[in-house]
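Q: sequence plus predicted model, see below.
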Amino acid sequence: MCGIAGVVGNEDTILVTKMLDALRHRGPDDIGIFTDKGITLGHTRLSIIDVERGRQPIIGDRGNSCIVLNGEIYNYKEIARRLRGHIFYTSSDSEAALHLFEEEGARTPAMLDGMFALAAYRDGTVLLARDPLGIKPLYYSLEDGVLYFASEMKALLYATDDVRVFPPGMYYVHGKGFRRFWSVPESHEREIIDASTAAKCVRELLHTAVNKRLMSDVPLGTFLSGGLDSTIVTALANSEAHEIRSFSTGMAESRDIRAARVVSEHLGTEHHELVFDEEDVIHHISRVVRHLESFDAALVRSAIPTYFVSQLARRYVKVVLMGEGADELFAGYRYLKGIPRARIHPELVRITSELHYLNLQRADRMTMAHALEGRVPFLDIKVVEYALGLPVFLKVRKPGQIEKWILRMAFDQIVPRFVTSRTKMKFAQGTGSALVVKDYAEREITDAEFSRETEKHPRVALRTKEELFLFRIFREFYPQDSVLSAIGRTQPCQL
């Protein structure tokens, strides 16, 4: 996992160095820059695969190509076996992606199985691409024919005030424009023989997804809240890797802290926990907002415990598996129980499509704030396509019934029964920290202040004193109005 930055249309190592300096938390192990014929590509590295030789930028074996890549390509060994005409100087997944680009050009992104943001160059052609769901971040700007890009807004702002989100599932060829290579499937017309068949397929797909994400040359663990999603991931990882490390966080004796202890004991993981209090939250809130690059209150609430558990995990491992995406695919959110059944599938498509600037942004920024790589097996493309193809009645059986029914059925014999019967609770609620910032803002901001300041920022639509408090912090780091269009906002129905 890493940070990337670059300029196309100008050779500017000084600028790219500044951009990379802003990304060093993403990749403290190494830094590299490549320049040629009006381009400058930069990379700051967190060494995961081929620790000794896999430094970037990677130059092609023929000397006329280059790649910088943030992420992991899980099918890189299969790609390498197909590209026998190339000399491989490393066993890095990024080198396999480069040689694939040399052969396939713009078809490359659709052939990669993984999470990635990349820039590849060959003989004057530059390709930018982002993985199908936007697990890995990428921002860009086009000014007077010059392309700037970076993994985070804070880095891109050294080059421009015009910050744009690079869309997931798309690639861009400089001078030719954007093209889509994958879209969130909107149809759910797959024939299902019966629920047991669907549960078996879900179980097998997730087992494969977890297994491929155990690929690592460095220590690996899981986030474990004791809820359904993280327990499934931990159980599957532990069945393959054995004695896996698990990590949890929360306020003293919070629900997640207690549940994770019990699950860890049941599964036999090497378990670690970090307990925080209200003072810790307020002390770290500025760092959370700066790294998160958002002031959305719901997102910040869940970012706080993610920040703390990432801090804990990084003491022991460089890679963690996470349960992100299950609620979007399997109808896990409580608010979905209150909408008509006919609207549930379109809503799942919407929230899955928006993951890249909400929950996936939170997961990426909080892990990478501590140079920790987060992997999300629920968002394996085969899992996504299968899950969104399931009829709604397999996810929400009856109005008001427990959510994610088919997922619970699929793992009923694998995870403890008390987990499969545990109802959905948002991360901030489970860790006990959901109201800390809200209560603090209520004490610090008067009604008159709230009314006055919300009128000053009509385009921002600040909804609560909590959000105003967070917006003030956000503006200390990101005063440019242009960045506001790159901020995802939680919809009122999800709050």
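A: Right, received. Where do you want to start? Numbering: from 1, shown residues only.
Q: helices of the stretch 51-200 of the chain, start to end?
A: Counting by DSSP state H, counting those that start in this stretch, one finds helices in the stretch 51-200 of the chain at the ranges 76-82, 93-104, 108-111, 153-156, 195-212.
Q: can you tell me which of the ones you listed comes nearest to Ala303?
A: Nearest to Ala303, of all those, is helix 153-156, at 15.3 Å by Cβ to Cβ. (C-beta placed from N, C-alpha, C; glycine too.)
Q: quick revisit: turn the helices of the stretch 51-200 of the chain into JSON lines, including mean pLDDT, mean neighbour count and distance to Arg443.
A: Converted to JSON lines, these look like this (pLDDT from 0 to 100; neighbours: other Cβ atoms under 10 Å; distance: least, Cβ to Cβ, whole Å):
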{"stretch": "helix 76-82", "mean pLDDT": "93", "mean neighbour count": "16", "distance to Arg443": "52"}
{"stretch": "helix 93-104", "mean pLDDT": "94", "mean neighbour count": "24", "distance to Arg443": "49"}
{"stretch": "helix 108-111", "mean pLDDT": "98", "mean neighbour count": "20", "distance to Arg443": "49"}
{"stretch": "helix 153-156", "mean pLDDT": "98", "mean neighbour count": "23", "distance to Arg443": "30"}
{"stretch": "helix 195-212", "mean pLDDT": "96", "mean neighbour count": "18", "distance to Arg443": "43"}
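Q: for Val16, see how far away the residue most central in space within the chain is.
A: The residue lying closest to the centre of the chain (Cα atoms, centre = their mean) is Leu360, at 3.4 Å. Distance of Leu360 to Val16, computed by Cβ to Cβ, to the nearest Å: 25 Å.
Q: rewinding a little: could you look up the SS state of the residue nearest to the centre of the chain?
A: Assigned state for Leu360: helix (three-state reduction, DSSP: H, G, I helix; E, B strand; the rest coil).
Q: wait, it sits on Glu324?
A: Yes. Here Leu360 reaches Glu324: they are 6.6 Å apart, a contact under Cβ atoms under 8 Å.
Q: joint contacts of those two?
A: 376, 379 (Cβ atoms under 8 Å, 6 or more residues apart in numbering).
Q: can you list the helices of the stretch 51-200 of the chain in TSV and add distance to Ser353?
A: Output for these, formatted as TSV (distance: least, Cβ to Cβ, whole Å):
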stretch	distance to Ser353
helix 76-82	27
helix 93-104	25
helix 108-111	18
helix 153-156	21
helix 195-212	20
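Q: out of those, which is closest to Arg55?
A: helix 93-104 (9.7 Å).
Q: any residues touching the closest one, and which ones?
A: With Cβ under 8 Å, 6+ apart as the test, helix 93-104 has contacts from 49, 54, 56, 58, 60-62, 65-67, 69, 72-74, 76-77, 79-80, 83, 86, 88-89, 108, 111-112, 114, 116, 118, 120, 122, 127.
Q: burial measure for Leu23, as a count.
A: Using other Cβ atoms under 10 Å, Leu23 has 24 neighbouring residues.
Q: helix, strand, or coil at it?
A: Applying three-state DSSP to Leu23 yields a three-state assignment of coil.
Q: doesn't Thr44 make contact with it?
A: Yes. Taking Cβ under 8 Å as the definition, Leu23 is a contact partner of Thr44 at 5.1 Å.
Q: please enumerate the shared neighbours of those two.
A: By Cβ under 8 Å, 6+ apart, the residues touching both Leu23 and Thr44 are 3-4.
Q: ranges for the strands of the stretch 301-450 of the chain?
A: Assigned by DSSP state E, counting those that start in this stretch, the strands in the stretch 301-450 of the chain fall at 319-321, 373-375.
Q: can I get the ones you listed in CSV including distance to Gly32 and mean neighbour count?
A: Listed next are the strands of the stretch 301-450 of the chain as CSV, based on distance: least, Cβ to Cβ, whole Å; neighbours: other Cβ atoms under 10 Å:
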stretch, distance to Gly32, mean neighbour count
strand 319-321, 21, 27
strand 373-375, 18, 26
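Q: contacting residues around the closest residue to His271 other than its chain neighbours?
A: Closest residue to His271 apart from its sequence neighbours, by Cβ to Cβ, 6 or more residues apart in numbering: Ser264 at 3.7 Å. Contacts for Ser264 (Cβ under 8 Å, 6+ apart) come out as 224, 246, 248, 271.
Q: contacts for stretch 245-255?
A: Outside stretch 245-255, the residues that touch it by Cβ under 8 Å, 6+ apart are 219-226, 234, 256-257, 260-261, 263-264, 267, 269-278, 305, 308-309, 312-313, 316-317, 320, 425, 429-433.
Q: one more pass at 6 Å, please.
A: Under the criterion Cβ atoms under 6 Å, 6 or more residues apart in numbering, residues 221-224, 234, 256-257, 260, 264, 269-275, 305, 308-309, 312-313, 316-317, 430-433 lie in contact with stretch 245-255.
Q: which parts of it are buried?
A: By neighbour count with 16 or more other Cβ atoms under 10 Å, stretch 245-255 contains the buried residues 245-251, 254-255.
Q: restrict it to CA atoms and write it as PDB.
A: C-alpha atoms of stretch 245-255 as PDB (Å, rounded to 0.1, in the frame of the first residue of the first chain):
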ATOM      1  CA  ARG A 245      -3.900 -11.600  15.200                       C
ATOM      2  CA  SER A 246      -7.200  -9.700  15.800                       C
ATOM      3  CA  PHE A 247      -7.700  -6.100  17.000                       C
ATOM      4  CA  SER A 248     -10.600  -4.300  18.600                       C
ATOM      5  CA  THR A 249     -11.100  -0.900  20.200                       C
ATOM      6  CA  GLY A 250     -13.800   0.900  22.200                       C
ATOM      7  CA  MET A 251     -14.500   2.800  25.300                       C
ATOM      8  CA  ALA A 252     -14.200   0.900  28.600                       C
ATOM      9  CA  GLU A 253     -16.500  -2.200  28.600                       C
ATOM     10  CA  SER A 254     -18.300  -1.100  25.400                       C
ATOM     11  CA  ARG A 255     -20.300  -3.700  23.600                       C
END
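Q: what average pLDDT does it get?
A: The average pLDDT within stretch 245-255 is 94.
Q: before we move on, what about stretch 46-59?
A: For stretch 46-59, the per-residue pLDDT averages 73.
Q: what is the end-to-end distance of that stretch?
A: End-to-end distance for stretch 46-59, by Cα to Cα, to the nearest Å: 18 Å.
Q: that older thread, and the contacts of stretch 245-255, which of them are buried?
A: Here, 16+ other Cβ under 10 Å leaves 221-224, 234, 256-257, 260, 264, 269, 271-275, 305, 308-309, 312-313, 317, 430-433 buried among those.
Q: and the lowest mean pLDDT element among the helices and strands of this structure?
A: Taking mean pLDDT, DSSP states H and E as the measure, the helices and strands of the chain show their lowest mean at helix 427-430, namely a mean of 79.
Q: could you name the helices and strands sitting against that helix?
A: Applying 3 or more Cβ pairs under 6 Å, 6 or more residues apart in numbering; DSSP states H and E, we find helix 427-430 packed against helix 297-313.
Q: count the neighbours of Lys404 for me.
A: A total of 23 residues lie near Lys404 under the criterion other Cβ under 10 Å.
Q: next, the contact list for the spatially closest residue to it that is not a sequence neighbour, please.
A: Excluding its sequence neighbours, the residue lying closest to Lys404 (Cβ to Cβ, 6+ apart) is Phe330, at 4.3 Å. Counting by Cβ under 6 Å, 6+ apart, Phe330 touches 395, 404, 407.
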